[in-house]
Every structure is written in structure tokens, then in C-alpha cells.
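Peer 1: Return a 3D structure for these sequence lines:
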Amino acid sequence: GELPRSFFRSTEGKTKRGPEVARARALMIDMEPKAIQATTQRHRAKSTGTWSYDTCRCFYKQSGSANNWSYGYMVHGPSSCDAILELMRKEVESCDRLSGFMLTSSLAGGTGSGMGAYTTELVRDNYPKSVIVNQVVWPYDMGDVVVRGYNSILTLSHLTRVSDGVIVFDNDTVHKTARSLLGVKAPGFLDINGLIGASMASALLPCR
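Peer 2: Residues are numbered from 1 along each chain as shown. Predicted coordinates:
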């Protein structure tokens with residue numbers, strides 16, 4: 001069926017592989033390239049030929065944030081501000097009517113937490129009349145990131161001041177749901193992300 005224009009922008013013309021497909025209205029931001037490259041190169045939609053992510057709307061560095069909220073917020077945020085605002089401006093100008101932003105991030109590491117908080121504040125400062133909703137993933141109770149609890153609390157303390165709504169998905173709860181409802185003995189990222197995506201779709205596209 002037709003893709004919802006709220007989340008995709010149409011493109012015209014053809015490429016060497018055939019007709020150009022719709023592009024997701026999305027910016028992808030990270031402080032290292034691995035996750036973004038994996039998403040743009042291997043996501044499921046790419047194989048269907050219905051839509052794709054726009055690689056021109058990606059921003060990443062090479063260093064990471066060392067699982068440190070303050071490094072993501074105080075160092076990477078200010079140094080990346082202008083580049084991110086430029087990508088944001090291009091995406092906004094492609095909209096017929098801008099109504100809001102949805103920001104998705106993990107709370108465990110330094111980029112998703114610190115950079116996520118900084119980017120949300122950036123959106124609020126530059127688009128004060130737009131609705132902002134944050135969808136965040138609470139870290140597992142057990143994990144390699146020792147400071148994950150601090151990263152999470154620091155992020156939420158900032159988001160609750162600038163965001164219109166914060167939707168929290170708990171990793172442990174989603175993991176248990178994947179095992180009980182899907183029957184997956186060892187749920188992976190695709191299983192967990194699929195459940196989160198389905199939950200978000202039910203809220204954003206209830207009539208589809």
C-alpha cells in the first residue's frame with residue numbers, strides 16, 4: 001500500500017538499479033559509524049524496494065562517547081551542533097507542514113544518553129512550536145556499561161524539561177515479552193526492535 005507521507009518523502013527519477021524509492025524522513029546520528037552503516041546497508045525495507053534511509057541524512061564520527069554521558073553532552077554535542085542543524089534544516093524544508101519530531105535513542109551508552117539529550121534540546125531551541133516526543137530504551141539490569149544507571153537518570157532529567165512526551169521501553173521487559181509471546185529462546189536485536197517498532201506503530205498509525 002501507499003506509504004504514509006508523515007514518515008516518508010517521495011523521490012523522482014531513476015537510479016542504475018531502477019526507480020527511486022521513498023526515503024524515510026529521518027536523521028541518523030551516532031559518534032561511530034558501525035550502527036548507522038549496518039542500518040542503511042542491511043535493513044529489511046531495503047530488500048523489499050519500497051523505501052530506504054537517505055545516506056545524506058546521516059551524521060557520525062569515529063571516536064564514540066566512551067559510555068560517558070558528559071562526553072556525549074558536553075563534547076560531542078557542541079562540536080556537532082552546526083552539522084546536525086544543517087541536516088535537520090534540509091529535512092524540515094522537505095516537509096509540506098512540520099508538526100513535530102520523534103527522537104529515538106538508547107540510554108545506556110554515552111551517545112544515546114548525552115548526545116540524545118543535547119539533540120533534543122537543540123530541536124526545542126530551534127523549533128520551539130513543534131511537538132517533541134522521545135522514545136528511549138532503558139538498559140538491562142545487568143550489562144557491561146557500569147554507569148548505565150547514571151546515564152539514564154541524567155538523560156531523563158533533561159528530557160522531562162524539554163520534551164512533550166517520553167516513552168520508555170525497558171529492555172528486560174521487552175526481552176521477556178519476546179520469549180513469552182514470540183517463543184524466541186534467545187531474543188536478539190531484531191526480535192526486540194521488532195516488538196518496540198510494533199508498539200510504536202500501534203500508537204502512531206492506529207488507523208493503518
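Peer 1: Verify the contact between T120 and S163 for me.
Peer 2: Yes: counting by CB atoms under 8 Å, T120 touches S163, with 6.0 Å between them. (Glycine included, C-beta is placed from N, CA and C.)
Peer 1: which residues do those two both contact?
Peer 2: 132, 134 (CB atoms under 8 Å, 6 or more residues apart in numbering).
Peer 1: Where do the helices of this structure begin and end?
Peer 2: With DSSP state H as the criterion, the chain has helices at 34-42, 44-48, 69-70, 77-93, 110, 116-126, 148-162, 171-181, 189-204.
Peer 1: Could you find the closest non-adjacent residue to D96?
Peer 2: R5 (7.9 Å; CB to CB, 6 or more residues apart in numbering).
Peer 1: go on, I84?
Peer 2: Nearest to I84 is F59, by CB to CB, 6+ apart, at 5.8 Å.
Peer 1: Kindly state the beta-bridge partners for the one you found.
Peer 2: I29 (DSSP bridges).
Peer 1: tell me the contacts of V184?
Peer 2: Contacts of V184 (CB under 8 Å, 6+ apart): 178, 191.
Peer 1: ugh, typo on my part, it should be A108
Peer 2: Taking CB under 8 Å, 6+ apart as the test, what A108 contacts is 67, 137, 139-140, 143, 145, 148, 151-152.
Peer 1: if you set the cut-off to 7 Å instead, what comes out?
Peer 2: 139, 143, 145, 148, 151 (CB atoms under 7 Å, 6 or more residues apart in numbering).
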